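Asks: Got a predicted model here, sequence first, then my questions.
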Amino acid sequence: MTERQILVAANWKMNGTLEAIRPLVDAIIRGVQGISNEVAICPPSVYISELTTLLNGSEIRLGAQNVSHLEKGAFTGEISISMLSDFACQYVIVGHSERRALYAETDVLVAEKFKAVQSGGMTSILCVGELLEERESNDTEKVIARQIDAVIEKAGIEAFKNAVIAYEPVWAIGTGKTATPEQAQEVHEFIRLRLARHDNQTADNVRILYGGSVKADNAEQLFKMADIDGGLIGGASLVAEDFLTICKAMR
Ligand code: PGA
């Protein structure tokens, strides 16, 4: 079995000010020195340039929260892959449930974004996850399979050689209701098996993060599970001390 390095990625969402992020980044840089887990920060896009400067010389990777699937043109408010490439951006979150729910991003659009990130030489953090009513009606696997298959169909299984998946049950995001490690593990294993239908090696290598109310006091329990390879952290990533505890959580 492959030894997958834990990745802890901060998703700041639409939070922070220039004044607030400088000391936060500074504390994170100092706090993660020497740790073996990989750490990434996905700030609001207007701060990507600032973070490129702040993270210069540190091991922390930079990511974006969203990107257009199109190259350029008359698309007011959108940001392209090549713009992200101008900075030291390595990761791009695609298909976050907030984008799916609030900005009507479909499985097909998410797959197109995934493909655009891939073509631009960056790494997608592809978010998938079920709604509470879907879990309650036992449709979790059906929903996850649909979301994953849409991307495989458009981008091909090869694209997952350089991709990260984040399982984020929608009912756990920002609610304080974390999935139990067992609940999360069950879905992570399902995702890996879904990829293994196409290619065992890719399925074995891909990192699957858990997201949804990961906190300083539950991260380690989650990361200990066989198919959980780190976390995508919202609320807790805005508080240096909490985020650092999560960054240091071991298998
Ligand atoms: P949360 O958000 O940690 O605040 O639940 C996670 C996410 O949406 O990525």
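Replies: Now that the structure is in, tell me what you want to look at.

Asks: Next, residue 166: secondary structure please.
Replies: Here residue 166 is strand, with the state taken from DSSP: H, G, I helix; E, B strand; the rest coil.

Asks: Can you point out the helix or strand that includes the spatially closest residue to residue 18 that is not a sequence neighbour?
Replies: Spatial nearest neighbour of residue 18, excluding adjacent residues (C-beta to C-beta, 6 or more residues apart in numbering): residue 50 at 6.7 Å. For the C-beta atoms, the positions are set from N, CA and C on the backbone; glycine is no exception. When elements are assigned from DSSP states H and E, residue 50 belongs to helix 48-55.

Asks: averaged over its residues, what pLDDT does that helix have?
Replies: Across helix 48-55, pLDDT averages out at 97.

Asks: Is there contact, residue-wise, from the helix or strand just after it to the ligand?
Replies: On the C-terminal side of helix 48-55, the nearest following helix or strand under DSSP H and E is strand 61-64. No: in terms of C-beta under 6 Å from any ligand atom, no part of strand 61-64 sits within range of the ligand; the closest distance is 11.7 Å.

Asks: what sits up against strand 61-64?
Replies: With contacts defined as C-beta atoms under 8 Å, 6 or more residues apart in numbering, strand 61-64 is touched by 9, 38-43, 45, 48, 51-52, 55, 79, 84, 87-93, 125.

Asks: out of those, which are buried?
Replies: The neighbour count (16 or more other C-beta atoms under 10 Å) marks 9, 38-43, 45, 48, 51, 55, 79, 84, 87, 89, 91-93, 125 as buried among the contacts of strand 61-64.

Asks: Can you flag which of the residues you listed belong to strands?
Replies: Among those, the subset assigned to strands under DSSP state E consists of 9, 38, 39, 40, 41, 42, 89, 91, 92, 93, 125.

Asks: among the residues you listed, which are in reach of the ligand?
Replies: Among these, not one lies near the ligand by C-beta under 6 Å from any ligand atom.

Asks: any chance of the residues you listed in TSV, plus distance to residue 115?
Replies: Shown next, in TSV, are those (distance: C-beta to C-beta, whole Å):
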residue	distance to residue 115
9	21
38	24
39	26
40	21
41	24
42	19
89	17
91	16
92	12
93	15
125	15
